[in-house]
Each structure stands twice: as C-alpha cells, then as structure tokens.
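Enquirer: predicted model follows, preceded by the sequence.
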Amino acid sequence: GNKNKSADAEATPKVGVTIYKYDDNFMSFVRRAISKNAEDKAELIFNNSQNDQAKQNEQVEMMISKGVKALAINLVDPQAAATIISKAKEADMPVVFFNKEPSVEDMASYADCWYVGTNSAESGVIQGELIFDSWKAHPEWDKNGDGKIQYVLLKGEPGHPDAEARTKYSMETVVDKGIQVEELELQTGMWDSVKAKELMDAWLAKHGDSIEYVVANNDAMALGAISSLQAEGYFSGDKFMPVVGVDAIPDALTKIEDGILVGSVLNDAANQGKATLELVLNVAKGEAVLEGTEWKLDENKAVRVPYVPITLDNIQIAKDCYSE
Amino acid sequence: MESVHINGSNDNVLLKMIDISKEFPGVKALDKVKLTVREGSVHALMGENGAGKSTLMKCLFGIYRKDEGQIFFDGKEVNFTSSKQALDSGVSMVHQELNQVQSTTIMDNIWLGRFPKKFLVIDEGKMYRDTLEIFKELDIPLDPRKKIENLSVSESQMVEIAKAVSYNSKIIVMDEPTSSLTEKEVSHLFKIINSLKKKGVGIIYISHKMEEILQISDEVTVLRDGKWVATESAENLTTDQIIGYMVGRDLTDRFPAKINTPGEVILEVKNMTATYQPSVQDVSFTLRKGEILGVAGLVGARRTDVVESLFGARHISSGEIYLHGKKIRNKNPYEAIKNGFALVTEERRATGIFEELDIKFNSIIANINKYIKWNLYLSEEEMKRDTEWVVDSMSVKTPNIQTSIGSLSGGNQQKVVIGRWLLTQPEILLLDEPTRGIDVGAKYEIYQLMIELAKKEKGIVMVSSEMSELLGVTDRMLVMSNGKVAGIVNTKETTQEEILKLSAKYL
Amino acid sequence: MSNFKNRVLDKKESSKNSQGKEILDWMINNAIFLVLIGLLIVIVVISPDFISLTNFRNILSQSSTRVIMALGVGGIIVAKGTDLSLGRSIGLAAVVSASLLQSPEYAYRMYPGLQRLPIWQPILLVMIICGIFGLINGFVVAKLKVDPFIATLGMMVILYGINSIYFDRPPYGAQPIGGLDKRFTDFAQETLDIGSFNIPLLIIYAIVIIIFVWFLWNKTKFGKNIFAIGGNQEAAAVSGVNVVRNLLLVYMFAGMLYGLAGSLEAARIGTATNNTGNGYELDAISACIVGGLSFSGGIGSVGGIVVGVLIFQVIAYGLSFIGVNPYLQFIIKGLIIIIAVAIDSRKYINKK
Amino acid sequence: MSNFKNRVLDKKESSKNSQGKEILDWMINNAIFLVLIGLLIVIVVISPDFISLTNFRNILSQSSTRVIMALGVGGIIVAKGTDLSLGRSIGLAAVVSASLLQSPEYAYRMYPGLQRLPIWQPILLVMIICGIFGLINGFVVAKLKVDPFIATLGMMVILYGINSIYFDRPPYGAQPIGGLDKRFTDFAQETLDIGSFNIPLLIIYAIVIIIFVWFLWNKTKFGKNIFAIGGNQEAAAVSGVNVVRNLLLVYMFAGMLYGLAGSLEAARIGTATNNTGNGYELDAISACIVGGLSFSGGIGSVGGIVVGVLIFQVIAYGLSFIGVNPYLQFIIKGLIIIIAVAIDSRKYINKK
Ligand SMILES: Nc1ncnc2c1ncn2[C@@H]1O[C@H](COP(=O)(O)OP(=O)(O)OP(=O)(O)O)[C@@H](O)[C@H]1O
Ligand SMILES: Nc1ncnc2c1ncn2[C@@H]1O[C@H](COP(=O)(O)OP(=O)(O)OP(=O)(O)O)[C@@H](O)[C@H]1O
Ligand SMILES: OC[C@H]1O[C@@H](O)[C@H](O)[C@@H](O)[C@H]1O
Ligand SMILES: [Mg+2]
Ligand SMILES: [Mg+2]
C-alpha cells in the first residue's frame, strides 16, 4: 500500500499469519508462541488454512489487499511456495515461511523470504536413534531371537512431508546403525488414534507376538496402538511391547513416565514460534531480518530449531513446554 | 363366453392385441387378454378395479414388457420397449395417474420429448403458438405459460388430454380421463373425442362412470381378474349387462336403498372463512345424525377446502364449529380425529396412501392410539385383526396384508384408505371424491357402507363431481360456488338444473 | 373373514409352481446378507487364519459404537431426512466427556480442579447436549423447512466450530484429551467374562441399544409415526400424526445416541480431539443405505442397519488383515458399496 | 377463449390490490440476493476498507473455479441427483494435469523424460478422464438404479484410491506435484489488461462457462430434459424422453467441468496433491442449494448458483478480512447457510 502510515503504526505493524491447520496440536503451540511474543509489538491477522492450499492462497491475496507489512506463512503444501512467492513479489511483501519448508530453488527465487523450522528428516532420524538405543538396551525384546526387529509402522497422512520423512528415515537410521529389520505391516493411520487402534487390533490378531516393535509417525497413533495393546493384556505383568511416537504431546509424556511408551521426539514449538515472530517483525519494520535476535541463518536463509529426543531421562524438557 | 361381433372388414382394424399375459410378483395381472380396436371408433375397456386395464395399456405403451402375446398395430407386429417408440409410431396415452412435471409450464409439459428446435435452440415461440393453437381448437382456456403446479386437478387433466391429442396419433388411450372432470368438462371431452373419431383415430377409453360408456363408445371389452370376458358392440349392450360381465353376477341397482333417516343436528358450521385466500368464505351449514350431506359445485368451487378446513388441514381465520352444540376447534387433523372426524382426501396418491408401506400399516395408522398397550407398545394382534377387517369388509383384492399398497390397483387402494378411517369409528365422516376411480361394484359397496354408517347415526359429508351419485345417495346438498355457499338443497326436491344454476351463482 | 383366508391360501398354492423363481426372489430380497457372506468367504479363502474368535470379537466390538450412531441417523433416514452433523456430534461428545473424565493423577487436565465424577454424569450430560443440537436440527428441518442435507451440513460446520473453541484452550492448546480415568476407559474396554468366554462390554451395550431401537421402531407409536412421515408426510399429517413433534423427536433421539456413542468412542480410544468422528457421518449413512434404508424414506429395518455396519467393518478389518495395499482398499471399498446397493436395489425395480 | 382472457385479466387485477404483499413476495423470491447484499453491508460497516477493487477482484477470481464445479453438480441436482465425487474428481484432475505440466527444468518431475506439452492437451485429457468417471456415475445411477448419494460416495472413495496410487509412485513417492510449467500457472494466474484495468483470466473463463451452461439449461433440449427428469422422471419417460441417456450426459458433462476446474485449480494453486479438492463437494452442493436449487429436483437457475457460490466466497473472504476468530468463522458460516436456505424456502411453503 502507498498510504504511508505514521510512526506509531510502524511500531505495531500489521502482520498476516496463516496456519496450515488451526487445530493441529503442534501448530496450536507454535501459534500461541507467536501471539505471546507479539504482544504490544505487532497486530497479527491469523488465518486458518484448513489444510487446503487453495484457501491459503486466497487468504494471502486477502491479507495483501488488507495492507499487511509482512507475511508469516505456514504452508499447507511446501511445493506451493512458488505461487505464494509470486504473489508476495508482486506486492513487494517480505515473507517468513515456517514449519513447512519451501524448496531451495523457491527460497532462492526471492530475496525477501526466509524460513523458520526444523529439518523434516530429523524427526525420523531421531526416532530411529531412539529405536536403536532402546533395542540395544533390551535384548529380551527380540522375542524370536533372530537379531532382527520385526516391526509394524503406523504412517501419517500419505504425502504429508512429515509422514513421508519419518517413515523413510526412522527405520533407515536403525538399519544404518547396524540392526536388521523386517517390516510386518505398514499402513496409514492418517495421524488418527482410532484408525491406529483398529489397525493394531487386526495386526495383533494376525501376528500376535511376532511383532517386536510398533513405530508410529506421531504420538496420537502411538496412543491408539497402546490402547489396542492394553486390551490384549500388554503392559501388565511381563507382557510388553515397545512403542515409539513423535510430538511428545502431554498424554504421551505420561505414558513414558508409566514405562509404556519408549520415547517420543519433541518438536520445539515455543522456539519456532518465537523465531518466526521475531523474524517477521523485523522485516515488517524494514529492519535487517536477524536484527536484535539470537538466531542464525543457514545457507538456505533458514533458522533451524532442533528436534529433541525425549525419553524418561530427559522428560522434564518436554514437560517444561507445557508448564504455564 | 365366445368372442362376438368383431365384424366389419379387417382392413379398418388399427390395433390387435392377442393373448397378452403379464405377471407381477404374486399377481397374474393379465392372462391371455385380447383387444381389437378399429379406426374411427371408441373402444371402451371395462373391468373392476385391478382387472388389468391399466396394465394392458402399459404393455401396449412400452411402460411394461408383456410376458407373452402379440401386438399388431397398423398392420405390423410391434413391440414397443419405450414410450418414445409408442409415441413415434402413433400411439399416445392419457395416464390414469397424472404424470406431469409440476415445476414447469404447461407448454413445456406438452412438448416434452419432442421440443421444436431452431438450429440448436428450442423454439419457445413456436411452442407457445402451437400450444395456443391446440388449446383454441379444443377450447381450453389456459395460458400455456402457466406452471402446472398452479393448476387445479381438472385443469391438469385437460392439459394431459390436450397433450395426448396433440401427437396426432392413430390410437389414443384414455385411462380414466374423466376421473377428475366435472360434467361440463366431460361433455367437452366428448366433443373432442367425436371430432377425433371423424379423423379416423381409434380411442381406447377406460372409465368407471357407467353412463359415459354407452354414450361414447362403439365397442366394449370387459376384463375380469386379468382375463378377457367379452367384447361386444355397444349398441347391443345395456349398463346392467356390462356390470354383469364385470362382476360376474347380476347387479340390478346402481344405488342401494336409502334406509337412513336424518335425526338431530350434530354438527354446525358457522361463517367459516379460510386464512389463505382464495378459498372458502363465510361457509355455514348443519349436519344431522344419520345424514349424508353432498357438496356439489364446479371444479375450483372450493369444495375440497370446505372439508379440509373443517378437518383442520387448512387454517381458518374465522368461523365456529359446534359439535353436539359444544364449540370445538379442529386446530389440526390430530384434534379433528380426537373430536371424531375422519377425512378421505381427494388425491389418494399425494395425501392418502403410504405407497411403499404395507396394507397393514396403511390400515391402522390413523387409529394407532387404540392399539397402545401399557402406554408403551402396540398390540400386533389387534392391528392384524383390524387390518383383516378392512380387507374383508371392503373386499380389498390383495395377496396378503404384507403387500405394499402401491402395488394394488387404484380402486383397491381407495378401499384401504376408506377402511383406515372406518377403523377410527368416526362420528363425522368427510369424503372427498370417495368413488373416484372406483369400479361399479366397489362403488355400490361404498354407497352401501355410507348408508349403513348413516343409519348408525353418523354424519357424512361427501364431496363429489358425479351428479348421479350425489342425487343417488345424499339427503341434502351444499352447493358451492367460488368459495361461497350458493345454496343448500334437499336432494329429493332438487334437479340437476337447479344445482348447475346455483353452482354458477358467484362466478 | 373366510374370504380373507381363502385369498391367502390361493396365494400359497400359486407360488408352489415356481420354486426356482422363489429362491431367486429370496436371494434378491436378502442380497445384503449374501454380500456380507460372500465378502467373508473371499477373505477366508485368501487368508484362512481369518477364522478366529479374536477377529470375530474385534469386528463386533469395533462395530459397536458405529452401530449406535447408525441407528441414530437410521431413524432420521426412515423419516426421509439425513444427518451430516453426526460425525461432529460424535466429536463434541467425545471431547466433552473426555474432558470431564480425565484421571485426577493426570498432569495436563483441562479442569485441574475437577473432582472425580461418577462416569454416568458426563455421559448423560453429553447425551443431553447432543440431544439438544439434534432438536435444533429437527426444528430447522421441520419448522423452518430447510432441506435436511443443508440443515445438518450447517450444523456440522457449527458443531465443529463450537467443539474447536472448547477444545483449543489455554494452557494446553489443541491437545488430544488423554489421561482418561481408568473407570471410564474400562467402561468401554473391559470384557464380561463368562467362564473362559469373554465378551467385550461394548458389544453388550450395542446389543442393548439394538434391541431398544428395534422395539422403538416396530412396537411403538413413535416408530409407526416416523415410518408414516417418511413414507408420505402429507398423508401422515392428515392421518393425525404430529409431523413436527415426531421429527423433533427423531432428530433429538439420534443426537442422544450420538452423545452415547461419542463418549464410548472416547473411552474406547482413550483420547479425544476436535477431529474425533470426522467423516463418520458418511460411513454411518452409507451403512444404513447398504443395509436397505432408502433416502426416499419410509423403508428400512434395524437388522438391515446392523448388517450394513458389519459389512463396512468387515471391509475395513478384513482388507487390512489380508494385507491389501491401503490405496487399493479405498477402491475395493467403493466398489463394494456400489455393488451392494446395486444388487439390493433390484428388489424395488418394477419388473417390467 | 374469452373465458381464458378473462381469467388472466382477473389475476392481474386482483394482484394490484396488495402492493405491500407484492413487495414482500418479491423479497422472499429474491431472498438470496438480499442475503448476499446484507452480508456485504455488515462486512463493510465493520471494516469500511473492504470496499476496494482488489477485494472485489479477489472474491470474483477466487469464486471462478468454484462456480465451474458448482455448475457441474448443479445440473445433476436439477436432474434430482447429487455428486459427492466432485472433490475427488477435482483432485484427480489437478494431480494428473499437474503431473503432465511440470516444468522441464524442475528436478523432481513425475515424468522426467516428458517433453513440453501444449497446455490444452493435458487439460483436455483430464476433462475426458473425469467425463468418463462421470459417465460411470451416471450409469450406476440411471441403469443400476443406485441412489446418487451412495453411487457417488462410492465413486468418491474409488477416485481417492486411484488418485493416491497414481500420485504415490516411485521414485519420489507421495510428493506434492510442484514445479509447474510457467505457461500453465500463467494460464490461471495471469490477468487480461485493458488499459489500466486488469481482469484475472480465471474470471473470464468462468464467465464463458456460465454463459455456456446458461445456454445449455435454458435454450436446448438437453436442458429442458434434465429439468423434466428432475421434476418428474416418470412423466419424462412416458413423454418419450430418454431418461437414461440424459442422465448419463448430465453426469458426464459435470465430470468434464470438474476436469476443467481441477486443472485450473492446480494451475491456480501452483501444486497438487491427492488431497487437493477434498471436501469441495460439500461447498459446491451447498452453494447450489443456497442458490435456490432443490434436492427434489427440477428447480434452479444458473444465476442462483452463481450467487450461491459468491455468498460462500464472501463469507470466507469477508470474515477473514474483518478478522473474525477462525473457529468462530465456522459457526457463522454454518448459521448463514441455514438462515439463507430457511429464508429462501419460505417461497415454497404452501399456504394452507
Ligand atoms: N407395478 C406393479 N407391481 C405389482 N403389481 C401390480 C403393478 N401394477 C399393477 N399391479 C397389479 O396388477 C393388477 C392389475 O392392476 P391394474 O392397475 O391394471 O388394474 P386396473 O384394471 O387398471 O384397475 P383400476 O380400475 O383400479 O385402475 C392389480 O392386481 C394390481 O395390484
Ligand atoms: N381458479 C383457480 N386458479 C388457480 N388455482 C385454482 C383455481 N381453482 C382451484 N385452484 C386450485 O386447485 C385446487 C382445487 O380446487 P378445490 O379443490 O378447492 O376445488 P374443488 O371444487 O374441490 O375441485 P375438485 O372437484 O377438483 O375437488 C385448489 O386447491 C386450488 O389450489
Ligand atoms: O499434519 C498433522 C501432523 O503434523 C505433524 O507435524 C505432527 O507430528 C503430527 O502429529 C500431525 O499433527
Ligand atoms: Mg387402472
Ligand atoms: Mg377438490
């Protein structure tokens, strides 16, 4: 917009934020972190893209028309960055992407765009390490004694970058570290507890104790699997089945404390939200992107907040995220 | 019975149906039926309800596929598998159940399936002009652009007739075309039929109105229980003979002896006016115990509105109803039923039957409170018993009480509906065209029933477009004209002329 | 009376002639059962170890909550309506009941100060809440004359909004509601042990509801009324049926069943989110139609609905069990739905 | 004849008496427009800067693909059907057209060896593919007599399976299909510049389709036939209309429109996944009903559908614009759907 507003508008600039899906549990923490950090510093316009890239594009058009100074975009579909960038370019609008990462080419195609997030593959790698370590620590889990992990895998929504990366890297990491694996079942539970529980019901009926490990792309599905296992008498007496997830949601933490869930992988919402806000605020005010922050950019103009493996030993780190 | 009287040369035979059979699950609807129709003649097809008349015509018209038999039309054997083929070959039909697209205009309905086109585009102008042309020729005073849903039943019926005629077919089937027409419109239709005859058209005419048959037809074929019974030239026949063929026994009188005697007043209606006009205005009358009160009038005279308003199916803005001298309000049908009213509605299919549901359900639904046991469940036994009573006392032709009512013939459906209301043991029975589409035998039974009920001190109101039955069974008549009461006459003292004159009073 | 008996006898005689045709008719009339049996046979042939008590029990208990939902919407379909808000009602019921039945030991409770409630209280509460939303559906349909599809679609969107607002609250945000009280999860996950035979409680609840609804549909005035309304609303009104009141009741009753099913669902899964139940309406409605109900109203049976639900569950469970590619499962599921209904619809087609 | 003229005159005269009633009638008959205008007024009052050419253009261009879909399913609804497979057809069309129009420079192409195709070829191809699936829908509905809801629900599940299998292929697996050819994205994202005024191409495509469909519905035999079939299928059949063929055509035509809309959608978004289009059927169908079509068939207009789609877009755009809490937006959207249809349905309520 050419209506140059006065200095006090500059002080709390209008910033447009899209969240790919408002009620995604992880994103709801990121969202909170963003608004908390924005207090008195920016006027935020939040949008729920309802997991629909078309909606998100439309929201971007709307916010540009409304005259925001900068955009913070949690893409629905990372491949759609090009379209968003072309809209932003046209309006001369800086963009901070977060949580879902555009391709290197897209990032390079526009000077005024940055990224805050994790490394999608990292959660898979960390989960793989968790599996490896726990397996080494518990030789008795190799029920058939063949030295291989017979596992079942509950995959998230097909095509979802996290689901694909976690599915690929978790077991790949285990293999790379030197344990052989055998996949008994792999199906999509769509991130969903119910679907996961029912898949697990069927798998238990089919394979019973031939299953040696349950790997879930997220905690919700891990919890579904646990509920199925409990109904079959696991986790009481000496009947046990190792289960791992990702997200470190509160319910999962209690399961870790109860010795049921082996571990999870924490996505650090607080810091992702903080970084996103700080970057976008800087660019909205026309300042240098890292001005006055502790973050560093990598070669792809990205700030990377690390994933953290969570087990009983360091559970407090995750708990702290939910204390307040 | 042997075939008689298909004399005359074979070359003016237009249609010959031979040994047609058709079976539905559980019903042999047609069993080797034959029919021969000649050019320029009206062939009446007669039979009781469920005799198979409509089914035979539907086999001809490609709606049903016959199981066996042959059809020769215009010299060639034909076997229409769709109505389109029949229409294209020169057979058109006025269907027993009105079959129209309510949401579109008259002219859209008339030209449906054969819209005139100019290049790719429909030629609306031509449709309009041609429709007006047809209407002019047949003297039907309707705007072709009017929507069907805004027409009265009889107007719709006339549109259907006009449509069938407009195909310029060689054969026109008319399945009860007059069931919702007034006398005046019937004679109008007969004029149309006569001019069609002159053009050499063969007409198959189905009706339960006996007096029409001998007036209009040249030959008569009678079916009974899906079988051919007789074909004779009309001039050799009397009504009684036809009835004899139809029912398989003699039926001497058309109307049972009136043995009821009206007593004290049970119902008094004062200045009833409906909320949504145009409708009834300022209607007042009384009804006595044991009396049959007819409601006469032209189509659109709001006779239906009289009984529906009384029954609480329409809102009334003012007026009072006294039952046994006590003021009551029939706010809705539920209240009306509680107050001892019953209403057999005019449009059976739309507001009478539950097509998909069985005879049992259709029989007991209005009387359901009577079967509740322990405030909780319904007594299966009593429902079954009452249903059997309906089937027996109304002589419903059905394989069993689990048959869905939709698969019965129209007349049998009507009998079930009347039975439904008799089960509620009403004090006031409102009948809107109760004998529409009902065969003579069943009609007689219905009249008898009405008179018997009257004898048991019930009050009966009967709306009818059939003058003869009004004159035959009622005690008094309320004549409606344009929503207002034109007069109340004593049946014994009145004439057809007087009623017609009153009917026109407020036009 | 004799007349009537004669006619019935006639019928019996005539049908003796065509035994072959009668078998065919029987098969067409019971197509749905045959589809179910056929499906089971195919699965067993591919994977003989499918025949096991565990599988049988799993399928039945997984069907339990679904059959309760389906019976709810089934009544509405009989009355010529439909209910797209089913799934979101389930979600609301699951979230609310779970939020009130978190174990006091659990650290991340929605109501940290809440004392331990008797489990029937929250269940009853969500039945009432969902019943009220059902009543509103009924009001919009019966009084405002809004088409049921659109009325309940609107309600579906509204319920999702309400549930999301309730669900996504500080401090824990849009967090799955877990840590459920063991009494609550046991209520759905336990079994009734009769000797060495143990029946999941869920199956028992479902059977109770099935019997109750069967009674309601077949033996009560309310049942007849909804069939009458679905069969021909105007004729029903003229016959003294209070159309509006019965529609209100049928939608409300469905809502109450959703409330029950939703809380059982939360207890069965052990957690609830605002997305719990998403899309269940399509499965439940399809199960009803596959089970022989018709959108034109006035047709259907409780038994049909049960079979319809079982078919869906056998498809889902069986195809996973025999290890069909998950994407292919969608295709097969779609085909089975269509084929089942196509076969079933034969019985209504006028034999021309 | 004179008789006839008299009645027409009568009618005109009688209506003169009640001008107030006439205005009310007019309002009820045009309720939908009034709802749209009312909505706009509320938004403008809250946020006056809503009045801008950009907002206006955004809303129109965002409605463009949706109106194309809605016109497809609209025809089906007029013929008394419905089509739940719309969303998944859009997804299939988007994925297939995108996969064939990736830029040759893009590293992760689905078909690395594929040469640069003229953009009309893939678009035509997906129109044909979706047309064929539409035809199958039509066949199942018209020939196998499966209820349209269930037939297209089955197809919806099947299409999702097919699309997922196509989408999730080696070497890159289930990757969103990006890197689209610039010619393709420009095709949907560019504007036509007339002087200083620029109109998004999408709007122009939509207008062309609207005019085409309007012509089809109002001026051709096919149009009248589908209205007749929707209004009374039996009547159409006995009047010689080939019901089956016309139903096949209307479903096929809808499919072709989905194909077009789906590829435009891919080009507009700049990427496609197997989830593209998910749930669009509900929005499109609701827009039709809000726009005055009826599930009982035989009623509706192209203009109504356009207004219906606009209402939905104004809700989505306007509520975000004035900064309503996203969850609250669901509630408001649901309420508006119900209220709009409730007001509209006043005009059909028969006064007794
Ligand atoms: N579609 C159908 N399915 C099953 N049975 C049918 C069907 N149509 C007609 N029938 C049965 O076939 C028989 C003949 O019916 P049809 O309608 O031809 O009688 P009709 O002579 O026209 O009687 P009405 O005078 O009452 O119209 C009846 O027993 C009826 O129940
Ligand atoms: N002149 C008219 N213009 C428009 N609609 C009319 C007219 N007359 C009647 N109708 C409609 O047709 C219906 C039939 O009219 P009504 O039933 O009151 O007349 P009736 O005398 O009972 O006729 P019928 O002999 O058909 O029973 C009415 O409900 C009304 O909607
Ligand atoms: O898209 C939704 C998914 O996003 C992932 O990042 C998360 O780990 C999953 O639990 C699920 O929420
Ligand atoms: Mg007949
Ligand atoms: Mg009448």
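Expert: Sure thing, it's come through. Numbering: from 1, shown residues only, chains lettered A, B, ... in the order given. Ligands and ions are numbered 1, 2, ... in the order given.
Enquirer: right, and C:L247 touches C:G138 too?
Expert: Yes: between C:L247 and C:G138 there is a contact under C-beta atoms under 8 Å: 5.1 Å. Just so you know, the C-beta spots here come from the backbone N, C-alpha and C atoms, and that holds for glycine as well.
Enquirer: domain-wise, how is chain B divided?
Expert: B:13-247, B:261-340+B:426-507, B:357-425 (automatic domain parsing).
Enquirer: nearest to D:L34, out of the ones you listed?
Expert: domain B:13-247 (22.8 Å; C-beta to C-beta).
Enquirer: just confirm yes or no for that closest one near ligand 5.
Expert: No: using C-beta under 5 Å from the ion, domain B:13-247 stays clear of ligand 5, coming no nearer than 6.6 Å.
Enquirer: how far is that domain from where the chain is centred?
Expert: 15 Å (C-alpha atoms, centre = their mean, to the nearest Å).
Enquirer: that domain close to chain D?
Expert: Yes: using C-beta under 8 Å from any C-beta of the partner chain, domain B:13-247 reaches chain D at B:61, B:63, B:82-84, B:87-88, B:93, B:95, B:99-104, B:108-109, B:112-115, B:117, B:120-122, B:135-136, B:139-143, B:163.
Enquirer: any quick ChimeraX command for the buried ones out of the residues you listed?
Expert: To isolate the buried ones among the residues of domain B:13-247 next to chain D in ChimeraX, judged by 16 or more other C-beta atoms under 10 Å in any protein chain shown, type:
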select /B:61,63,82,83,84,87,93,95,99,100,101,102,103,104,108,109,112,113,114,115,122,135,140,141,142,143,163
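Enquirer: which of the residues of domain B:13-247 next to chain D fall in strands?
Expert: Mapping the residues of domain B:13-247 next to chain D onto strands (DSSP state E) picks out B:M93, B:K117, B:V121, B:I122.
Enquirer: my read: the second one touches B:G125, true?
Expert: No: in this structure, B:K117 is not within contact of B:G125 by C-beta under 8 Å, at 12.0 Å.
Enquirer: which stretches of the stretch 101-250 of chain B have low pLDDT?
Expert: B:249-250 (pLDDT under 70).
Enquirer: if we go to 80?
Expert: Where the stretch 101-250 of chain B drops to pLDDT under 80, the residues are B:153, B:179-180, B:182-183, B:247-250.
Enquirer: please name the nearest non-neighbouring residue to whichever residue of it sits closest to ligand 5.
Expert: As assessed by C-beta to the ion, ligand 5 sits closest to B:V153 within the stretch 101-250 of chain B, at 6.6 Å. Nearest non-adjacent residue to B:V153, counting by C-beta to C-beta, 6 or more residues apart in numbering or on different chains: B:S180, 4.5 Å away.
Enquirer: burial of the one you found, as a residue count?
Expert: Look at B:S180: counted by other C-beta atoms under 10 Å in any protein chain shown, it has 22 neighbours.
Enquirer: where do the strands of chain A begin and end?
Expert: Counting by DSSP E, the strands of chain A are A:14-19, A:43-48, A:70-73, A:95-98, A:113-117, A:149-155, A:181-188, A:213-216, A:243-244, A:264-266, A:302-304, A:308-310.
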